[in-house]
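Novice: For reference, the sequence and a predicted model appear below.
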Amino acid sequence: MAPIADVRRDLASLADPHRAEGLSRFLQMTPGGYGEGDRSIGVPVPDQRRVAARHWRELSLAETTRLLGSSVHEERLTALFILVRKFAKGDEEERGRIFGITLANTDRINNWDLVDSSAPYIVGPWLIDKDRSVLDRLAESSLVWDRRIAIMATFAFIRAGDFQWTFRLGDRLLRDPHDLVRKAVGWMLREVGNRDRAAAEEFLNGRYQVMPRVMLRYAIEKFDPQRRREYLSGAIQVTGPARQVTQNPSHQPWLQH
């Protein structure tokens with residue numbers, strides 16, 4: 001049996017129609033939802049990770065890309081788990097190919113769990129020491145998943161102590177219309193705050209009053225209760241001129257490369 005068929009067989013053996021129904025609601029695969037048109041077979045994520053661990057070596061990049069094109073949500077997520085493993089173990093050439101495959105298939109990375117399982121582990125790590133302008137292009141995309149990929153990729157930079165691009169894209173996406181992007185920006189700002197509270201608050205203080213509420217709530221989630229109340233009530237006193245939010249971060253000198 002071909003390796004890709006082995007993966008599909010293993011996932012099908014773990015399928016649970018009742019779980020699939022719940023997951024379809026959770027990931028809004030129902031009509032009108034952001035995941036409309038997708039199909040779940042109800043395989044738990046830990047089981048998908050085990051299937052990926054079992055097969056990642058035998059599956060070629062071409063076969064993994066085919067799996068990423070599947071109409072089944074769990075098959076696409078398992079394909080991403082395989083790509084992440086291959087990326088972590090690969091040499092520079094293979095890592096570059098995996099990065100290219102990921103960006104060429106963002107229309108198949110079409111839910112928040114798919115984005116969050118790949119962007120911080122492939123896109124961000126590849127760009128650590130490279131030109132990151134592709135993130136600006138993704139942040140300008142009309143596809144919500146591209147925009148979430150852009151901000152979630154900065155998680156890799158945050159882990160390395162580099163917050164510049166989280167702030168850069170935070171400005172660009174500050175008024176994004178989609179809740180999933182707003183939450184992702186807030187989450188990344190929270191991760192900055194976990195490492196450098198002063199840097200996070202410096203960014204927030206000039207913007208928190210115009211931020212979408214859900215973005216702000218995510219960003220300040222780990223602050224102490226009194227500080228959260230001050231932000232949510234608008235009681236933070238900003239000292240000095242607030243940095244202005246613009247639609248083009250290149251106009252902001254503190255965000256330059």
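Specialist: Perfect, thanks for sending it. Everything quoted here is computed from the prediction, not taken from an experiment. Numbering: from 1, shown residues only.
Novice: dump the residue contacts of S70.
Specialist: 76, 79 (CB atoms under 8 Å, 6 or more residues apart in numbering). Any C-beta I mention is one placed from the backbone N, CA and C, and that applies to glycine too.
Novice: Give me the pLDDT for the closest residue in space to R132 that isn't next to it in sequence.
Specialist: Residue nearest to R132 in three dimensions, not counting chain neighbours: W165, with 6.0 Å by CB to CB, 6 or more residues apart in numbering. W165 is assigned a predicted lDDT (pLDDT) of 98.
Novice: W165 sits in which helix or strand?
Specialist: W165 is part of helix 164-172 when elements are defined by DSSP states H and E.
Novice: Buried residues in that helix, which are they?
Specialist: By 16 or more other CB atoms under 10 Å, the buried positions in helix 164-172 come out as 164-172.
Novice: just those now: which is nearest Y231?
Specialist: Among the buried residues of helix 164-172, G170 lies closest to Y231 (CB to CB), at 15.3 Å.
Novice: can you tell me how far the residue nearest to R132 sits from S142?
Specialist: Separation of W165 from S142 (CB to CB, to the nearest Å): 21 Å.
Novice: check contacts around the closest residue to P17 other than its chain neighbours.
Specialist: Nearest residue to P17 in three dimensions, chain neighbours excluded: G42, at 6.0 Å (CB to CB, 6+ apart). Taking CB under 8 Å, 6+ apart as the criterion, G42 is in contact with 15-23, 74.
Novice: So which elements touch the helix or strand encompassing A62?
Specialist: In this assignment (DSSP H and E), A62 forms part of helix 61-68. If you count contacts as 3 or more CB pairs under 8 Å, 6 or more residues apart in numbering; DSSP states H and E, helix 61-68 packs onto helix 3-13, helix 73-89, helix 92-104.
Novice: can you pull the buried residues of the first one?
Specialist: Burial within helix 3-13, assessed by neighbour count using 16+ other CB under 10 Å, is assigned to 3-4, 7-8, 10-11.
Novice: Which helix or strand contains V43?
Specialist: Under the criterion DSSP H and E, no helix or strand holds V43.
Novice: contacting residues around it?
Specialist: The contact partners of V43, by CB under 8 Å, 6+ apart, come to 11, 14-16, 19, 51, 74.
Novice: circling back: which of the contacts of G42 are buried?
Specialist: Buried among those (16+ other CB under 10 Å): 20, 23, 74.
Novice: picking up where we left off before, now the contacts of G42 in JSON lines, with pLDDT and distance to L232?
Specialist: Below are the contacts of G42 laid out as JSON lines (pLDDT from 0 to 100; distance: CB to CB, whole Å):
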{"residue": "A15", "pLDDT": "97", "distance to L232": "43"}
{"residue": "D16", "pLDDT": "97", "distance to L232": "40"}
{"residue": "P17", "pLDDT": "95", "distance to L232": "42"}
{"residue": "H18", "pLDDT": "96", "distance to L232": "39"}
{"residue": "R19", "pLDDT": "96", "distance to L232": "36"}
{"residue": "A20", "pLDDT": "97", "distance to L232": "38"}
{"residue": "E21", "pLDDT": "96", "distance to L232": "36"}
{"residue": "G22", "pLDDT": "95", "distance to L232": "32"}
{"residue": "L23", "pLDDT": "95", "distance to L232": "32"}
{"residue": "E74", "pLDDT": "98", "distance to L232": "38"}
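Novice: What about A52, how many residues nearby?
Specialist: Using other CB atoms under 10 Å, A52 is surrounded by 24 other residues.
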